[in-house]
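Q: coordinates only, sequence not included:
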DNA sequence: CCCTTTTTTTGGAGAAATTCTAAAAAAACC
DNA sequence: GGTTTTTTTAGAATTTCTCCAAAAAAAGGG
């Protein structure tokens, strides 16, 4: 529908309780373009500037966290200096290319953790992350 | 032997190609006291100062990295803002208490990864890290 | 529409963790 | 011992990320 160009993105933001501002719509369009993506705040900000989307780095940080809280993104911890965000929120794991810092999805069914201990002290398991570190 | 009080630590450093300096000996004694430990540069530095070991933060950073390169320590990535080092270099995994930032070892045999994909593009798997994130 | 309220964005300052630098100190070697 | 090499150090610099307070934009009536 030509007169409601971004209606799907807007609905998605609204459903997450986020006002569909110009910046959030633009970033959502970059992130949720169909393919699975791994971004950092800096990389997404650079990409936005490249496409002449006016948005501040602070807003990119805010938006990534809001999207994560809303379940639209998942934070991945593979590097102790930098936050990665994954547009694939399905159950899956990762290859981490140590040489390049590049992240690659492993579909959920290709990794099987067949034994896990119980969480200590009545705690709840929030997530089990498997990172396969590879290099040349 | 009373006249060679730290000879084991000194030998360990020498075997790793590291000169047994006062600072490295003191930090090694703190780290390798028998029990498995998880430290950050800041926490180890604070502990050293507490025991009136004169050592700079820069040296603690250098030393942790040298020990890691020598295989005496292992770096654990569970938090994208802080580096943890583990004195347990045997095959094992971790609970990460999201509330407190506390790390807890899981013995190697209590986690079984029974299926893993092949590393892409002729790369070598360096390590498989399993982090079980828990909270109250 | 226009006004009011609420939320968002922003640039720049601030914070936290880590690395760099270059000079002084310590260890190794002969 | 004197020389060479390595290590330590304080402080500056860097990087990533967060905070702040003011300006801008969105929402919600009339």
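A: Good, I have the coordinates. Since the structure is predicted, the reported quantities are computational estimates derived from the model, not experimental observations.
Q: how many neighbours does residue A:66 have?
A: Number of residues near residue A:66 (other C-beta atoms under 10 Å in any protein chain shown) recorded here: 17. For the C-beta atoms, the positions are set from N, CA and C on the backbone; glycine is no exception.
Q: nearest residue to it other than its sequence neighbours?
A: Sequence neighbours aside, residue A:18 is the residue nearest to residue A:66 in space, at 5.9 Å (criterion: C-beta to C-beta, 6 or more residues apart in numbering or on different chains).
Q: in a strand, that neighbour, correct?
A: No. Using DSSP: H, G, I helix; E, B strand; the rest coil, the secondary structure at residue A:18 is coil, not a strand.
Q: what are the contacting residues of the longest strand along chain A?
A: Of all segments of type strand in chain A, defined using DSSP state E, the longest is strand A:124-135. Strand A:124-135 is contacted by residues A:76-78, A:93-99, A:106, A:111, A:113, A:116, A:119, B:77, B:98, B:113, B:116-117, B:119-120, B:123-136 when judged by C-beta atoms under 8 Å, 6 or more residues apart in numbering or on different chains.
Q: can we see that at 6 Å?
A: Contacts to strand A:124-135, defined as C-beta atoms under 6 Å, 6 or more residues apart in numbering or on different chains, come from residues A:78, A:93-96, A:98-99, A:111, A:119, B:119, B:123, B:125-135.
Q: please identify the buried residues of it?
A: Buried residues in strand A:124-135, counted by 16 or more other C-beta atoms under 10 Å in any protein chain shown: A:128, A:129, A:130, A:131, A:132, A:133, A:134.
Q: quick one, helices of chain A?
A: Under the criterion DSSP state H, chain A carries helices at the ranges A:7-15, A:22-31, A:41-50, A:57-69.
Q: need those in CSV (columns: distance to DNA strand C and mean pLDDT).
A: Supplementary listing: those in CSV, determined by distance: least, C-beta to the nearest atom of the strand, whole Å; pLDDT from 0 to 100:
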stretch, distance to DNA strand C, mean pLDDT
helix A:7-15, 9, 92
helix A:22-31, 4, 97
helix A:41-50, 9, 97
helix A:57-69, 3, 98
